[in-house]
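>>> Fold the following.
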Amino acid sequence: MAMNQQMPLSHRLRLGRHSLAGQVYMVTVVTIGRRPWFEDFWAARVLVGHLKKEHELHRASTLAYVLMPDHLHWLMQLGEDVPLSQTVRSVKSLTTHRLGHPVWQRGYHDHAVRSDEDLQAMARYIVANPVRAGLVSSVADYPHWDAVWL
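I've put the predicted structure just below:
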């Protein structure tokens, strides 16, 4: 049996994962069972506050994000002192603690952005998620997104 067939899926997600200070990452985290916890405005603002806190602590600079009802897309540049896994774990843990119930699926998906990728194009794609999902007709009508280029 091949090695990757013996490992649980969560372990395979971590294979090849590297955490580099200063690297830009596209991170996606999903709620347990895709439950739409973040349809609630207050819950959404709790999470957004934690993204801002990561910036204040110099652990991650948010370049763009969109918080959908059941998942988060976060384009961020990793700070110097904390690995990617700890940064994501912090956001997930603090959100769960503040909301008072389990929120997130285990693990997350990350993509280390290559130097030849267009960050502004990625940000536009990220913040347009609510339009593509049919939640709003214009990004301006959706409250839970931001990008440093605007």
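>>> after the helix or strand that residue 89 is a member of comes which helix or strand?
Under DSSP states H and E, the secondary-structure element containing residue 89 is helix 84-99. From helix 84-99 onward toward the C-terminus, using DSSP H and E, the following helix or strand is strand 109-112.
>>> Report the next helix or strand after that following strand in sequence order.
Past strand 109-112, further along toward the C-terminus, the next helix or strand under DSSP H and E is helix 119-127.
>>> Name the residues of that next one that are buried.
By 16 or more other C-beta atoms under 10 Å, the buried positions in helix 119-127 come out as 119, 122, 123, 125, 126, 127. Bear in mind the C-beta positions are built from the backbone N, C-alpha and C, glycine included.
>>> now stretch 61-79
By 16+ other C-beta under 10 Å, the buried positions in stretch 61-79 come out as 62-79.
>>> Using PDB, write out every CA atom in it.
The C-alpha trace of stretch 61-79 is given here as PDB (Å, rounded to 0.1, in the frame of the first residue of the first chain):
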ATOM      1  CA  SER A  61      -0.400  41.100   7.700                       C
ATOM      2  CA  THR A  62      -3.700  40.700   6.100                       C
ATOM      3  CA  LEU A  63      -3.600  41.600   2.400                       C
ATOM      4  CA  ALA A  64      -7.200  40.600   1.600                       C
ATOM      5  CA  TYR A  65      -9.900  38.400   3.100                       C
ATOM      6  CA  VAL A  66     -13.500  37.500   2.600                       C
ATOM      7  CA  LEU A  67     -15.500  35.800   5.300                       C
ATOM      8  CA  MET A  68     -18.300  33.700   3.800                       C
ATOM      9  CA  PRO A  69     -21.100  32.200   5.900                       C
ATOM     10  CA  ASP A  70     -19.200  28.900   6.200                       C
ATOM     11  CA  HIS A  71     -15.500  29.600   5.400                       C
ATOM     12  CA  LEU A  72     -12.700  32.200   5.300                       C
ATOM     13  CA  HIS A  73     -10.400  33.000   2.500                       C
ATOM     14  CA  TRP A  74      -7.400  34.900   3.900                       C
ATOM     15  CA  LEU A  75      -4.500  36.300   1.800                       C
ATOM     16  CA  MET A  76      -1.800  37.100   4.300                       C
ATOM     17  CA  GLN A  77       1.900  37.700   4.700                       C
ATOM     18  CA  LEU A  78       3.400  35.700   7.600                       C
ATOM     19  CA  GLY A  79       5.200  37.600  10.200                       C
END
